[in-house]
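[1] here is my input; please provide its structure:
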Amino acid sequence: MTSFILRRLMQGLLVIFSVTTIVFLVTRLAGDPVALMLPLSATAEQRASFSAQIGLDQPLWVQFARFVSDVGTLDFGQSLWQRRPAIEVVFERLPNTALLVLVGIGGAALLAVPLGMIAALRPGGLVDRLTISTGLLAMAMPQFWLGLMAIVIFGVTLRWLPTSGFGTVAHIVLPALTLGLMPLTRFMMMVRAVMIDELNKPYVRTARAKGLGLHRILRKHTLRNVLVPFFSISGWEIITALSGYTVVVETVFGWPGLGMTAVQAIQRGDLFLMQAIVFVIAFLIVLISMMIDILSRFVDPRIELN
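    From the prediction side, this is the model:
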C-alpha cells in the first residue's frame with residue numbers, strides 16, 4: 001500500500017507539472033498576454049512598462065524557470081482582475097465549488113444505490129422500465145438546457161426557488177439538481193447492471209438454497225461487489241464535474257465557484273488567475289483518483305493496486 005501511494009504521488013506530481021506547463025505555454029504562445037490584459041487604448045510605452053512589471057519581457061525559459069519556482073510555493077502572482085494573490089482567490093471560491101459537487105453528486109450517489117438495486121430485483125418490471133426510460137431521457141438533455149428549464153419552471157413560473165446567487169439552502173437546490181441528474185442516471189444504470197449480474201451468479205443461488213434471506217444476501221455479499229465499480233464511476237463523475245460540468249452549472253446559476261471564476265478570468269485575460277485555477281483543479285483530480293483507488297482496495301482486498 002505504501003509503495004502504491006508513493007508511486008501514485010510521483011505520477012500525480014508529473015501530471016500536475018505537465019498540465020501547468022501546458023497552460024504556461026498556451027497562455028504565452030497562443031497570443032500576446034499583455035494585449036489581453038490591457039485595454040485597447042494602451043500605448044506602446046504602457047504595454048512595455050506593464051510587460052516588464054509582470055516579467056513577460058524576459059526570455060521564455062527565464063519566465064518558465066521563475067514560474068516553476070513560484071508554483072512550488074503556490075505563488076501564482078497577483079490576479080489582475082481581483083488585485084490580490086491569485087491563489088487567495090482560488091481558495092476563496094474552492095469551498096463553494098466543493099459544496100456544489102458534494103451536494104449534487106453526493107446526493108445522486110446516495111439515491112442511485114437503492115434505486116438501482118430495486119430496479120435490478122425485477123428486471124423488466126415497472127420500476128426497471130421507469131429507471132431505464134428516465135435515465136435515457138436525462139442523459140439526452142444538455143446540462144445548460146436543463147439548468148435553464150429549471151430556472152424557468154421552478155424560479156420564474158412557480159417562484160419556489162431562487163434562480164441565482166449564493167448564501168442559503170434554497171440557492172443550492174437548482175444548481176445541485178442540474179449537476180447531479182446526469183450522474184444519478186449513470187449511477188442507477190451501473191448499479192442495476194452489476195446487481196442483475198451478481199444476482200444471477202452461482203454463489204447467490206447457493207445462498208438462497210441454504211435458506212439465506214434476500215436482504216442478507218444483498219447486504220453481506222452482492223453490495224460489496226457493486227460498491228467497487230460504483231466508487232470508480234463516482235470518482236470519474238467528480239473529476240468530470242470539477243474539470244468541466246461545474247463551469248456550465250455555475251455560469252447558468254451565477255454560483256460563485258471556481259467554474260464561474262475561470263470563465264471570468266478568461267474574459268478579463270487574467271493570466272495568473274487562470275494558471276492558479278488549473279493547478280488547483282489538477283491537484284484535486286490527482287488526489288481524488290488516488291483516494292478512489294485506495295478506498296476500492298479497502299472495500300475489496302482482492303483488488304491489486306498497481
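[2] how about the helices in the stretch 151-300 of the chain?
    Applying DSSP state H, counting those that start in this stretch to the stretch 151-300 of the chain gives helices spanning 169-199, 202-209, 214-217, 223-240, 246-253, 258-267, 271-299.
[3] which of the ones you listed has the lowest mean pLDDT?
    Here the lowest mean pLDDT among the helices of the stretch 151-300 of the chain goes to helix 214-217, at a mean of 73.
[4] what lies in contact with it?
    Here helix 214-217 makes contact (CB atoms under 8 Å, 6 or more residues apart in numbering) with 121, 204, 207-208. (C-beta placed from N, C-alpha, C; glycine too.)
[5] swap in stretch 206-213?
    Under CB under 8 Å, 6+ apart, the answer for stretch 206-213 is 214, 217, 221.
[6] compute the inter-axis angle for the longest helix seen in the chain and helix 246-253.
    As assigned by DSSP state H, the longest helix anywhere in the chain is helix 86-121. Angle of helix 86-121 versus helix 246-253, following axes from the mean of the first three to the mean of the last three CA atoms, to 10 degrees, is 100 degrees.
[7] of all the helices of the stretch 151-300 of the chain, which lies closest to G77?
    Distance to G77, taken as CB to CB, is lowest for helix 271-299 among the helices of the stretch 151-300 of the chain, at 4.0 Å.
[8] tell me which other helices or strands the closest one touches.
    For helix 271-299, the packing partners by 3 or more CB pairs under 8 Å, 6 or more residues apart in numbering; DSSP states H and E come out as helix 2-29, helix 33-37, helix 86-121, helix 223-240, helix 258-267.
[9] which other helices and strands does the last one contact?
    In other words, helix 258-267. helix 86-121, helix 246-253, helix 271-299.
[10] in CSV, list those along with mean neighbour count and distance to S69.
    Shown next, in CSV, are these (neighbours: other CB atoms under 10 Å; distance: least, CB to CB, whole Å):
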stretch, mean neighbour count, distance to S69
helix 86-121, 20, 15
helix 246-253, 24, 30
helix 271-299, 20, 14
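[11] give me the phi and psi for R268.
    For R268, the backbone dihedrals (degrees, to the nearest 10) come out as phi -100, psi 0.
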